[in-house]
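1. Got a sequence here, can you build the structure:
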Amino acid sequence: MSDATERPDVDDDAWATACEEDLRAERARRRAEHGTPPGSAAEELRKLLDVVADRVSAFQTSVPGLAAQSAVQQFVTQAKAAVEPVIERNPQVFDHLVAAGGELLAAYRSAVENQERRWTRGAADPGAARDPRDRGDEDPGPGEHIDLD
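-> Numbers count the residues shown, from 1 in each chain. Model prediction:
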């Protein structure tokens, strides 16, 4: 190869380098604008345990009796000791539990919203047309069983 056809010192991964720089700049901008994003569910659980331990420690001064104070401190210590190894060994489990909890909450919310819609429609206009999503012939009255299936 001649000197004329050789490229000067060019970064072979210039595109990847530029993308990484842009990504770092965007993350810094978002952190400055919105604060630090939440961590994984395991990290958030650790933070929660630390906050609860701090609050319980502050609460102990108002608990009468030395025995009660030591029992509360022992409970907090045992809870942290029991949860910490689980977090260390299986941090992804907590992410799955959070996702499953979100799905259960969405399903419950859907069931409750449909039931409320039937109750409010029945109270506003007893002769109103039935919602096609309704599966029963009658709306349950107060204190009656709500079928969530």
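2. residue ranges with poor pLDDT in this structure?
-> 1-11, 59-68, 122-147, 149 (pLDDT under 70).
3. longest single helix anywhere in it?
-> Longest helix in the chain, counting residues (DSSP state H): helix 91-124.
4. same for that one, what does it pack against?
-> helix 41-60 (3 or more CB pairs under 8 Å, 6 or more residues apart in numbering; DSSP states H and E). C-betas here are computed from N, CA, C, even on glycine.
5. could you check the angle helix 91-124 makes with the helix it packs on?
-> Counting by axes from the mean of the first three to the mean of the last three CA atoms, to 10 degrees, helix 41-60 points 80 degrees away from the direction of helix 91-124.
6. by contact count, what packs against the helix or strand following helix 41-60?
-> Later in the chain than helix 41-60, the nearest helix or strand by DSSP states H and E is helix 66-89. In terms of contacts (3+ CB pairs under 8 Å, 6+ apart), helix 66-89 is packed against helix 41-60.
7. give me the number of residues near Ala53?
-> By other CB atoms under 10 Å, 15 other residues sit near Ala53.
8. got the contact list for it?
-> Val76, Lys80 (CB atoms under 8 Å, 6 or more residues apart in numbering).
9. quick one: it from Ala14, how far?
-> 49 Å (CB to CB, to the nearest Å).
10. Counting by contacts, list what whichever helix or strand Ala32 is part of packs against.
-> Following DSSP H and E, one finds Ala32 within helix 14-34. Contacting helix 14-34 under the criterion 3+ CB pairs under 8 Å, 6+ apart is no other helix or strand.
11. who's in contact with Pro91?
-> Here Pro91 is in contact with Ser40, Ala41, Ala42, Glu43 (CB under 8 Å, 6+ apart).
12. State the three-state secondary structure for Thr36.
-> coil (DSSP: H, G, I helix; E, B strand; the rest coil).
13. what does Gly39 give?
-> Criterion first, three-state DSSP; result for Gly39: coil.
14. What's the local residue count around the closest residue in space to it that isn't next to it in sequence?
-> Excluding its sequence neighbours, the residue lying closest to Gly39 (CB to CB, 6 or more residues apart in numbering) is Lys47, at 7.8 Å. By other CB under 10 Å, 12 other residues sit near Lys47.
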